[in-house]
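# next comes the sequence, and after it the predicted model I'd like to discuss.
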Amino acid sequence: MGVERLRAFLRRHRRIALDTSIFIYQLEPNPKYLAYTDPIFSWLERPESRAVTSTITMTELLVLPYREDNEQRANDFYGLLSTYPNLKWIAPSLEIADLAARIRALHRLRTPDALQAATAVHAQATGLIANDPVFERVGTFETLVLDHLL
């Protein structure tokens, strides 16, 4: 039932934003969430699909490999994700920073979450997939929280 709700969410949106957790669950095959992240990444491979994420996602993903002094793993993550089809990486600009500050002030999000939300808004994503319900506070897009599918 949860996977069907996920698929319906993906059908409703022409462009979605992805929070860091989605990438972590896929790259470190998390058995609890893999049944949900697999369809997301399969959806991304379709020519009509569009997704965005902030470059802070890459920062968050590379911390563990660098902490473990695993340069190869960091390179693998970077190589795979930076070339993933239909996924656009958006760096924080001054406009996104200003929008993030407004979102943070209004919805009381932490800075990384506010930057993710601002990136979604800036890219005109109508949906965001995450595993943190704080994004539900932002009414500019529909949020799908993976834990709510379990």
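Looks like it came in fine. Numbers count the residues shown, from 1 in each chain.
# now the residue sitting nearest the centre point of the chain. Nearest residue, chain neighbours left out?
Note on the chain: the residue nearest the mean C-alpha position is residue 18, at 1.7 Å, using CA atoms, centre = their mean. Leaving aside its chain neighbours, residue 18 sits nearest to residue 53 (4.8 Å; criterion: CB to CB, 6 or more residues apart in numbering). C-beta: built from backbone N, CA, C; applies to glycine.
# and that neighbour, how many neighbours?
Other residues lying near residue 53 total 27 when counted by other CB atoms under 10 Å.
# that one looks like it's in a strand, true?
Yes - assessed by DSSP: H, G, I helix; E, B strand; the rest coil, residue 53 belongs to a strand.
# OK, contacts around residue 128?
16-19, 116-117, 120, 135, 138, 141-144 (CB atoms under 8 Å, 6 or more residues apart in numbering).
# next, format these as TSV and append secondary structure, distance to residue 41 and pLDDT.
Output for the contacts of residue 128, formatted as TSV (DSSP: H, G, I helix; E, B strand; the rest coil; distance: CB to CB, whole Å; pLDDT from 0 to 100):
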residue	secondary structure	distance to residue 41	pLDDT
16	strand	12	98
17	strand	15	98
18	strand	10	98
19	coil	14	98
116	helix	18	98
117	helix	22	98
120	helix	18	98
135	helix	20	98
138	coil	24	97
141	coil	20	98
142	strand	20	98
143	strand	19	98
144	strand	15	98
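# could you say what helices and strands the helix-or-strand element of the chain with minimal mean pLDDT packs with?
Sorting the helices and strands of the chain by mean pLDDT, DSSP states H and E puts helix 71-82 at the bottom, at a mean of 90. Helix 71-82 sits against helix 55-67, with contacts defined as 3 or more CB pairs under 8 Å, 6 or more residues apart in numbering; DSSP states H and E.
# having no further points to raise, I will conclude here.
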